[in-house]
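Q: after the sequence you'll find the predicted model.
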Amino acid sequence: MSFLKVEGLTKRFGGLVAVNGVSFDVNQGEILSVIGPNGAGKSTLFKLIGSFMTPSAGRVLLDGAVISGLSPHKVARTGVVRTFQETTVFKEMTALQNVVVAHQLGHSAGPLGAFFASPAARADDRRSQENAEEILGYLGLGHVRDELARNLPHGYLRTLGIAIAMAASPRILLLDEPFAGMNPEETNRAVDMVEGIRRRGITVLLVEHDMRAVMRISDRIVVISFGSKIAEGTPAEIRDNPTVIEAYLGQDDETIGH
């Protein structure tokens with residue numbers, strides 16, 4: 001049984017078909033990348049998988065159970081956690097505070113217990129603090145734990161967004177363009193970080209434009225164009241696939257990893 005299964009996902013906006021019958025499996029413990037030319041439907045596909053959009057047809061299954069149609073927070077509780085293209089952090093909080101706050105999803109004490117600082121709430125707070133410090137440490141942000149988010153450079157802000165997602169204890173992490181806007185040094189550091197996340201037993205599904213990073217990091221790649229899947233395979237297979245090469249012709253800002 002596949003860990004995550006995408007079956008015939010389709011999304012229509014009036015007469016426009018943004019995603020058209022896309023199917024693929026994600027194996028536990030792998031890094032799978034979804035690529036495609038600009039406007040191919042990659043981000044819409046991600047929103048469907050994370051349940052931030054309702055599919056017009058098709059479904060998503062985790063461990064054989066259907067999760068499409070659930071609310072985003074319920075999908076996150078199953079272990080499917082998504083980051084966003086936009087850096088969604090509290091700019092006036094420190095890096096550590098951002099990750100501590102993100103642990104609310106896993107707190108056992110309810111709002112009343114938190115208000116009265118019950119023993120359960122205090123235990124939640126201690127675990128959140130300890131886990132947040134650990135996450136910042138292994139993502140390479142330990143030295144900026146007390147910096148306000150608004151003072152962090154772009155690469156660190158992107159990593160902080162991933163740290164916030166990690167606070168939800170994902171089983172599969174959906175990364176939406178994690179290397180966007182990074183310089184080569186930041187990209188190399190981010191690639192190492194994603195590989196480190198996988199080594200911690202977390203499956204990674206990512207959408208990305210940086211083809212060189214994709215070719216380095218991916219176990220398998222799914223290619224979509226005009227909303228439809230046109231290829232699936234290893235980086236070497238995708239790099240030499242004539243259909244993929246043709247789809248990317250005329251894309252001035254993208255190459256196929258050569």
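A: On my side now, so go ahead. If you're wondering where the values come from, they're calculated on a predicted model, not measured in any experiment.
Q: dump the residue contacts of residue 34.
A: Taking C-beta atoms under 8 Å, 6 or more residues apart in numbering, we find residue 34 in contact with 42, 45, 46, 205, 206, 207, 208, 221, 222, 223, 224. C-beta: built from backbone N, CA, C; applies to glycine.
Q: format those as CSV; extra columns: secondary structure and neighbour count.
A: Below are the contacts of residue 34 laid out as CSV (DSSP: H, G, I helix; E, B strand; the rest coil; neighbours: other C-beta atoms under 10 Å):
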residue, secondary structure, neighbour count
42, helix, 25
45, helix, 26
46, helix, 24
205, strand, 24
206, strand, 24
207, strand, 24
208, coil, 21
221, strand, 26
222, strand, 26
223, strand, 24
224, strand, 25
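Q: which one of the residues you listed is nearest to residue 197?
A: residue 206 (10.5 Å; C-beta to C-beta).
Q: neighbours of the nearest residue to the closest one once chain neighbours are set aside, how many?
A: Nearest residue to residue 206, sequence neighbours excluded (C-beta to C-beta, 6 or more residues apart in numbering): residue 175, at 4.0 Å. Per other C-beta atoms under 10 Å, the neighbour tally for residue 175 reads 25.
Q: and stretch 17-26, what's buried?
A: For stretch 17-26, the neighbour count (16 or more other C-beta atoms under 10 Å) marks 17, 18, 19, 20, 22, 24, 25, 26 as buried.
Q: check which helix or strand covers residue 247.
A: Assigned by DSSP states H and E, residue 247 belongs to helix 242-248.
Q: for that helix, buried residues please.
A: Neighbour-count burial for helix 242-248, counted by 16+ other C-beta under 10 Å, picks out 244, 247, 248.
Q: I'd assumed the residue nearest to residue 206 was in a helix, is it?
A: No - under DSSP: H, G, I helix; E, B strand; the rest coil, residue 175 sits outside any helix and is assigned strand.
Q: that one contacts residue 50, doesn't it?
A: No - with contact defined as C-beta atoms under 8 Å, residue 175 does not count as touching residue 50 (11.2 Å).
Q: returning to that earlier point: make JSON lines out of the buried residues of stretch 17-26 and add pLDDT and distance to residue 81.
A: Converted to JSON lines, the buried residues of stretch 17-26 look like this (pLDDT from 0 to 100; distance: C-beta to C-beta, whole Å):
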{"residue": "17", "pLDDT": "95", "distance to residue 81": "28"}
{"residue": "18", "pLDDT": "96", "distance to residue 81": "23"}
{"residue": "19", "pLDDT": "97", "distance to residue 81": "21"}
{"residue": "20", "pLDDT": "97", "distance to residue 81": "26"}
{"residue": "22", "pLDDT": "98", "distance to residue 81": "21"}
{"residue": "24", "pLDDT": "97", "distance to residue 81": "19"}
{"residue": "25", "pLDDT": "97", "distance to residue 81": "19"}
{"residue": "26", "pLDDT": "97", "distance to residue 81": "14"}
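Q: among those, which are in helices?
A: Among the buried residues of stretch 17-26, no member falls in helices (DSSP state H).
Q: okay, the residues you listed in TSV with distance to residue 149 next?
A: Formatted as TSV, these follow (distance: C-beta to C-beta, whole Å):
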residue	distance to residue 149
17	38
18	32
19	33
20	38
22	35
24	35
25	36
26	31
